[in-house]
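Q: let's see this in three dimensions:
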Amino acid sequence: MTDDKRQAGLTLEDFAGRSYDKLRYGDTDKQGHVNNAVFATFLETGRVELIFDADDPLLGAGFSFVLAKLDINYLAEVLWPGTVEIGTRVVKVGRSSVTMQQAVFQNGVLCASAETVVVQFDQVTRKSHVFSDFQRAKLEGWISGS
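A: Below you'll find the model as predicted:
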């Protein structure tokens, strides 16, 4: 499926993970809209809130996720004050990586979409680490609408 088809008609309800961020005055730039660099922070919020749950951890001790790819499509400006809603869903699970589709909305308007890839990282060996069957099943449970 092409990116255009994936983006057409997207709403927050299309995503397994849903979160939000409050906009800060300091997020704005000279043009008066939220600076494009801040979108990476919005997307981080969405990823973290989906994959890090202290009550039901996905990662074991000594492991983390590292960002391998972040491809952002800027579609509409975001204006302060207010909030943005962030949608995150898994579209593909590899051996040690997971590809996610993410979107940023303000007042129901799709403002940005992104493809994000994170890799499970062993903090001792400093290398990628293959997902367990438990991890794979949990990640695949977040695949929706792909």
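Q: now the residue nearest the centre of the chain: which helix or strand?
A: When the chain is reduced to its mean C-alpha position, the nearest residue by C-alpha atoms, centre = their mean turns out to be Arg47, at 3.9 Å. When elements are assigned from DSSP states H and E, Arg47 belongs to helix 38-51.
Q: could you pull up phi and psi at the residue of the chain most remote from its centre?
A: Ranked by distance from the centre of the chain (C-alpha atoms, centre = their mean), the top residue is Lys30, with 26.7 Å. Backbone torsions of Lys30, given as degrees, to the nearest 10, read phi -60, psi -30.
Q: quick check: longest strand of this protein.
A: strand 109-122 (DSSP state E).
Q: that strand pairs with which strands, parallel or anti?
A: Here strand 109-122 is paired, per DSSP bridges, with strand 63-74 (antiparallel), strand 97-106 (antiparallel), strand 127-128 (antiparallel).
Q: could you measure from Val90 over to Gln106?
A: Separation of Val90 from Gln106 (C-beta to C-beta, to the nearest Å) stands at 24 Å. Glycine gets a C-beta too; all of them are placed from N, C-alpha and C.
Q: who has more neighbours, the two?
A: Shown here are Val90 and Gln106; by other C-beta atoms under 10 Å, Val90 has more neighbours (22 against 18).
Q: low-scoring stretches of the protein, by residue?
A: For the chain, the stretches flagged by pLDDT under 70 are 1-8, 144-146.
Q: hmm, try it at 50
A: Applying pLDDT under 50 to the chain flags residues 1-6, 145-146.
Q: tell me, how many residues neighbour the closest residue to Tyr25 other than its chain neighbours?
A: The shortest distance from Tyr25 to any non-neighbouring residue, by C-beta to C-beta, 6 or more residues apart in numbering, is to Trp80 (6.0 Å). Residues lying near Trp80 (other C-beta under 10 Å) number 14.
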